[in-house]
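K.L.:
sequence first, then the predicted structure:
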Amino acid sequence: MKKLKFLLIICILFTATIVRSQQLVEAVAAIVGNEVIYLSEIESIVAQQRREGNRTPIEELRCQTLHEMLITKLFLDQAKIDTIEVSDDGLEGAVNESINNIIRRAGSEEVIVEYFNKSMIEIRRDIRKTLREQQIMGEVQSNIAGNISITPTEVRRFFNSLPKDSLPIIPARYELSIIQLDPPGLEDSKAEARQRLLDLRSQIVEGRSFSALAVLYSEDTESARRGGEIGYMTRGELDKEYANVAFSLAPNSVSRIVESKYGFHIIQLIDNMGEMANTRHILIRPQVKPEQAQQAISKLDSIANLIRRDSITFEIAAFRFSTHLDSRINGGKFVYVDPRTLRISPTVAPEELNTDMYMRVRDLRVGEISDAFRTVDDDNNPVFRIVKVVNEFPAHVANLRDDYNILYEAALMEKRQKIYDEWIKKKIERTYIRISEEYKSCDFLREQGWLQ
């Protein structure tokens with residue numbers, strides 16, 4: 001969904017750029033109630049899709065684009081009838097996020113301004129308009145089918161309607177528990193990391209290039225390739241401690257040592273643009289020495305053996321020894337958080353595990369506990385774990401007993417889509433619609449009653 005919003009924003013900006021450069025009076029492709037679709041809007045979206053590799057025949061692509069825009073305009077026209085409005089105040093966060101994404105993909109603000117031949121004020125205005133329309137459409141759709149629910153009988157009917165030879169395959173998933181230990185003697189390792197950064201900071205103050213030292217020494221390998229530069233970020237996108245310091249710096253100044261959940265940083269502010277800051281940093285993580293690793297592994301192996309001999313339960317051991325705060329309070333239960341949707345799941349797919357975790361889990365049977373191993377946590381910091389396979393759900397063809405929740409969501413989505421389709425059909429019948437001669441050859445116009 002985020003990718004779709006991003007592409008739509010790019011298309012809108014691309015449309016406005018063509019109109020501005022041509023300096024022509026707009027030709028109208030269609031009118032839907034009080035909403036207008038211009039020829040240039042369609043052509044620019046088609047051109048953008050071509051640039052992105054869409055090889056659909058050009059006339060078919062134009063008709064597809066017109067179809068999508070006609071449906072959008074139906075919802076917007078209904079919003080005017082229902083006096084649905086969205087305030088700019090509520091949009092600012094989404095506008096900033098969209099602009100940040102565009103800047104990151106383009107590389108800099110200057111590239112965007114040059115590409116669209118617009119000021120950032122104009123680009124922000126166009127993005128705000130697009131996002132407002134998306135929110136308005138969401139409000140209209142919520143009014144139409146937001147309170148729809150389905151019964152177990154409807155879920156069963158939906159499942160039985162699916163062709164048996166094309167039922168979806170549900171991927172394998174695991175239910176896991178973990179006990180985690182942080183490296184012992186971590187304070188000494190932290191002190192060493194701080195000292196390494198202090199030495200690097202002294203070199204920068206004496207005139208050495210921050211970027212060159214970032215390339216050589218930063219343990220954030222992705223930004224190190226760019227001389228430590230991480231690009232424009234808002235406060236909310238940065239670790240709190242990092243953000244507090246970054247936004248307080250003067251351009252080109254170098255921060256004190258900053259500790260975040262990722263390790264220790266020195267930060268240099270490159271540029272500050274409103275609510276965004278572009279910074280570079282050098283990251284040093286506390287190093288785990290061999291004796292520290294051996295101490296953690298020995299302790300975890302001892303705990304695992306006690307559990308295997310039934311001297312202690314896994315749940316009590318997790319509560320007593322584990323440093324993984326999210327799991328220790330519920331007996332070590334490992335909960336997966338999808339980084340894209342932030343949706344929480346008590347089970348995890350093999351591909352959602354990091355390599356270290358997967359290599360242990362794949363060789364375990366249900367109820368077995370792994371030997372101790374080293375891995376990294378969600379912030380890429382070194383930790384040590386043992387893992388238990390509580391349950392395994394092999395890949396299987398969808399069925400009502402095991403996959404009711406998934407089928408419920410699919411059935412609900414289908415029911416809502418049918419309601420939207422019926423609403424669209426009735427809305428077409430009672431709305432003034434005019435289509436230009438240039439597009440009347442599109443088959444869907446006759447099939448769906450758009451030509452009045």
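P.N.:
Received, thanks. Numbering: from 1, shown residues only.
K.L.:
residues touching the strand or helix carrying Glu241, excluding its own?
P.N.:
Glu241 is located in helix 240-246, with elements delineated by DSSP states H and E. Outside helix 240-246, the residues that touch it by CB atoms under 8 Å, 6 or more residues apart in numbering are 233, 235, 238, 255-256, 258-260, 265, 267, 269, 277, 279, 281. For the C-beta atoms, the positions are set from N, CA and C on the backbone; glycine is no exception.
K.L.:
quick one: average confidence on it?
P.N.:
Looking at helix 240-246 alone, the average pLDDT works out to 93.
K.L.:
what of stretch 288-297?
P.N.:
Confidence over stretch 288-297, taken as the mean pLDDT, stands at 93.
K.L.:
how about the helix holding Glu241: buried residues?
P.N.:
By neighbour count with 16 or more other CB atoms under 10 Å, helix 240-246 contains the buried residues 242-243, 245-246.
K.L.:
pull the most distant pair out of the residues you listed.
P.N.:
Put simply, by CB to CB the two of the buried residues of helix 240-246 set farthest apart are Ala243 and Val245, 7.4 Å from each other.
K.L.:
residue boundaries of the strands in the stretch 301-450 of the chain?
P.N.:
Ranges of strands within the stretch 301-450 of the chain are 336-337, 344-345, 373-376, 382-393, 396-397, 433-435, based on DSSP state E, counting those that start in this stretch.
K.L.:
what is the burial count for Glu154?
P.N.:
Neighbour count for Glu154, taken as other CB atoms under 10 Å: 15.
K.L.:
quick check: chain neighbours aside, which residue is closest to it?
P.N.:
Counting by CB to CB, 6 or more residues apart in numbering, Ala411 is the residue found nearest to Glu154 once chain neighbours are left out, at 6.0 Å.
K.L.:
OK, contacts around that neighbour?
P.N.:
When contacts are counted by CB under 8 Å, 6+ apart, Ala411 is found next to 150, 154-155, 158-159.
K.L.:
from these, which land in helices?
P.N.:
When helices are assigned by DSSP state H, the members of the contacts of Ala411 inside them are 154-155, 158-159.
K.L.:
those, buried ones only, as a ChimeraX selection?
P.N.:
Here the buried members of these are turned into a ChimeraX selection, burial being counted by 16+ other CB under 10 Å:
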select :155,158,159
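K.L.:
closest to Val140 out of the ones in helices among the contacts of Ala411?
P.N.:
Looking across the ones in helices among the contacts of Ala411 and measuring by CB to CB, the closest to Val140 is Glu154, at 24.3 Å.
K.L.:
does that closest one touch Lys415 like I think?
P.N.:
Yes: with contact taken as CB atoms under 8 Å, Glu154 and Lys415 are classed as touching, separated by 7.1 Å.
K.L.:
helices along the stretch 251-400 of the chain, start to end?
P.N.:
Remark: helices assigned in the stretch 251-400 of the chain by DSSP state H, counting those that start in this stretch are 290-308, 314-321, 325-328, 355-361.
K.L.:
would you turn the ones you listed into CSV with distance to Phe210 and mean neighbour count?
P.N.:
Formatted as CSV, the entries for the helices of the stretch 251-400 of the chain read as follows, by distance: least, CB to CB, whole Å; neighbours: other CB atoms under 10 Å:
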stretch, distance to Phe210, mean neighbour count
helix 290-308, 31, 16
helix 314-321, 42, 18
helix 325-328, 35, 15
helix 355-361, 33, 16
